[in-house]
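> sequence plus predicted model, see below.
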Amino acid sequence: MYKLLSCSLLALPLATRAQTPGSSLPLKAYVGVGVNGGRYYDKRYGEVLNNGLLYSPTVVAGLHLTPTLTLQLGANMYNHRMSYTAQGVDYSAGNPNNPVISYTSGTTRRRYYIVPLLVRYTFAGSAQRMKLDGLLGITIYHTREHSTTTHLDSQFQVTNQYAYSRNATYANLLVGIGARYALLPKLELASEVRINPFYFGYSVGAYPNVDLSIRYCFGTLQ
C-alpha cells in the first residue's frame, strides 16, 4: 500500500514543475486520499471476500488529458483470513470399534492489492462547482497468499505441518459514475460508484464499491 502511495505521489514534482512560469507543457494533475467501501469478488476461487462491506484507505492520482478526459489511477488494499478445523476417523487401522482419531487445521491469509485504472469523462453542461463524470477502465487485482496446514493425532500432538505461498494477478472490467464538488479553487470532494462485472461459469454478477476522497489539483480544477 505504501509503495502504491509513493508511486501516486510521484506526480507531485512533475505537476509542480509544469505549473512554473515559462513551462511549455501545461500539465494538470491531482492527488488525493480517502476511503473505499464495497464488496469484491475473487474469480479465481469463485467467492466474495466478505459477506458485508469492506473498508480501506485509498489513494488516487490523475492526469488531465483534455478539459473533459482524465486518466486516473487509484489503489487500496484488503486483508482476508480463513481458518478451519476438521476431524478424521480411520476405521481401517486397529480395532474397528476403536478407530484412530486425527485432526487437521488450516489457516489461509490473503492480501489483495486493488488498483483501478480508468478514463474519466466529464459530462458537458456540468455546473461550475459540481461536476458529473462517467468512468470506464479496468480493476487490477494482485493477491499474495500464505497457507498453513497442520495434522494432529488424537492427543493433539503435531504429526505433520506444511505451508505454501503464492501470488496472482488478474483484471476485471470497471464501469461507474462520479460526482465532484469544488471546495476551494484547487481542492475538491469526489465520490465515485464503481462496478466490476464478472462471469463465473454460467453466472453473471456485479459488486459495486464506493470511493470518497478529497483531492488537490495542481492548476485549475477540470
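Now that the structure is in, tell me what you want to look at. Residues are numbered from 1 along each chain as shown.

> only C-alpha atoms from now on, for both contacts and neighbour counts.
Fine.

> which residues of the chain score low on pLDDT?
1-27, 45-46, 49-51, 93-96, 126-127, 199-203, 222 (pLDDT under 70).

> where exactly do the strands run in the chain?
Assigned by DSSP state E, the strands in the chain fall at 29-38, 41-42, 47-48, 54-64, 69-90, 100-122, 130-152, 158-184, 187-200, 203-218.

> dump these to a markdown table, plus mean neighbour count.
Listed next are those as a markdown table, based on neighbours: other Cα atoms under 10 Å:
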| stretch | mean neighbour count |
| --- | --- |
| strand 29-38 | 21 |
| strand 41-42 | 16 |
| strand 47-48 | 12 |
| strand 54-64 | 20 |
| strand 69-90 | 16 |
| strand 100-122 | 19 |
| strand 130-152 | 18 |
| strand 158-184 | 14 |
| strand 187-200 | 18 |
| strand 203-218 | 17 |
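
> Pro208 - nearest residue in space that isn't next to it in sequence?
Excluding its sequence neighbours, the residue lying closest to Pro208 (Cα to Cα, 6 or more residues apart in numbering) is Ile195, at 4.3 Å.

> I figured the one you found hits Gly178, correct?
No - with contact defined as Cα atoms under 8 Å, Ile195 does not count as touching Gly178 (11.6 Å).

> would you confirm that Val89 contacts Thr104?
No - with contact defined as Cα under 8 Å, Val89 does not reach Thr104; the gap is 11.3 Å.

> and the most centrally placed residue in the chain, bridged to which residues?
Closest to where the C-alpha atoms of the chain average out (Cα atoms, centre = their mean) is Ile114, at 2.5 Å. Beta-bridge partners recorded for Ile114 (DSSP bridges): Asn76, Tyr141.

> what's near enough to touch Leu174?
For Leu174, the contact set (Cα atoms under 8 Å, 6 or more residues apart in numbering) comprises 116, 118, 135-139, 194-197.

> same check, this time on Asn98
Neighbour list for Asn98: Tyr91 [criterion: Cα under 8 Å, 6+ apart].

> measure it to Val89 for me?
10 Å (Cα to Cα, to the nearest Å).

> repeat for Val193
Noted for Val193: a distance of 50 Å to Val89, by Cα to Cα.

> what do you get for Val158?
Distance from Val158 to Val89, by Cα to Cα: 16 Å.

> same deal with Pro185?
70 Å.

> kindly report the same for Ala182.
66 Å.

> do Leu221 as well
Leu221 sits 67 Å away from Val89, going by Cα to Cα.

> try Asn79
With Cα to Cα as the criterion, Asn79 and Val89 are 34 Å apart.

> residues in contact with Ser147?
106-109, 163-165.

> one more time with 10 Å, if that's ok
Applying Cα atoms under 10 Å, 6 or more residues apart in numbering, we find Ser147 in contact with 81-83, 106-110, 162-166.

> any chance of those in TSV, plus distance to Cys217?
Below are those laid out as TSV (distance: Cα to Cα, whole Å):
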residue	distance to Cys217
Arg81	38
Met82	41
Ser83	44
Gly106	48
Thr107	44
Thr108	41
Arg109	37
Arg110	34
Tyr162	50
Ala163	47
Tyr164	44
Ser165	40
Arg166	39
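
> of those, closest to Phe123?
The nearest member of the contacts of Ser147 to Phe123, counting by Cα to Cα, is Arg110 at 38.6 Å.
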